[in-house]
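**Student:** One predicted model, sequence on top.
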Amino acid sequence: MSNPIPDTQADAEEVLQVESTNVARIAPVPVVIDGPVETRRLPGKSGYIRAIPLPINAPPELILSADPRRYRAQLVARGGVVRLGSTPEQFSNGYYFELVNGALSVEITHTGDVWAAAIAADVSVGVIAEYWTD
């Protein structure tokens, strides 16, 4: 019996929306959807799990670099409070998010930078990052 569901795993070019310079441009075609459309979330192709130590009162550290391949990262504080921001400048301006020791995790679904800093104790931040493609 053949599988009625087509393979929908995206390759790197599709995820990154890379356009080949060797292919002639194709004009977009207007589409009208009439009725339900089946959609499904594709599984992650790769990822990693690690703990990053953050010393007390040190400058913010880049814990996730901007990456268009990343679709999700889960972060959790271990041993104290971790402050998170998108730029190092946010910490001095008070524009950050605080994670408390194991009480809460946060899911990051953007592809930009994530910076972290510890206050009041040496802590670590646990990171589980998942990517659409290698």
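**Tutor:** Received, thanks. Numbering: from 1, shown residues only.

**Student:** Next up, the contacts around residue 105.
**Tutor:** Residue 105 makes contacts with 74, 75, 76, 99, as judged by CB atoms under 8 Å, 6 or more residues apart in numbering. The C-beta positions use only the backbone N, C-alpha and C, and glycine is treated the same way.

**Student:** I misspoke; the intended subject was residue 126.
**Tutor:** Contacts of residue 126 by CB under 8 Å, 6+ apart are 49, 50, 51, 74, 75, 76, 77, 78.

**Student:** how about the strands in the protein?
**Tutor:** 46-54, 61-64, 70-78, 81-85, 97-99, 105-108, 114-119, 123-131 (DSSP state E).

**Student:** Pick the one among the contacts of residue 126 closest to residue 29.
**Tutor:** Nearest to residue 29, judged by CB to CB, of the contacts of residue 126 is residue 74 at 38.3 Å.

**Student:** ok, the nearest residue to that closest one once chain neighbours are set aside - how many residues close by?
**Tutor:** Among residues not flanking residue 74 along the chain, residue 128 sits closest, at 4.3 Å (CB to CB, 6 or more residues apart in numbering). Burial of residue 128 is recorded as 15 neighbouring residues (other CB atoms under 10 Å).

**Student:** same deal with residue 65?
**Tutor:** 10.

**Student:** now do the one 3 residues further on
**Tutor:** Neighbour count of residue 68, defined by other CB under 10 Å: 14.

**Student:** Quick check, pLDDT for the residue nearest to it when sequence neighbours are not counted.
**Tutor:** For residue 68, ignoring the flanking residues on the chain, the nearest one in space by CB to CB, 6+ apart is residue 111 at 5.1 Å. Residue 111 is assigned a predicted lDDT (pLDDT) of 93.

**Student:** which residues touch residue 111?
**Tutor:** 66, 67, 68, 69, 70, 71.

**Student:** out of the residues you listed, which are buried?
**Tutor:** Among the contacts of residue 111, those scoring as buried are 69, 70, 71 (criterion: 16 or more other CB atoms under 10 Å).

**Student:** Thought residue 130 was touching the first one, still the case?
**Tutor:** It refers to residue 69. No: Residue 69 lies out of contact with residue 130 (CB atoms under 8 Å); the separation is 9.6 Å.
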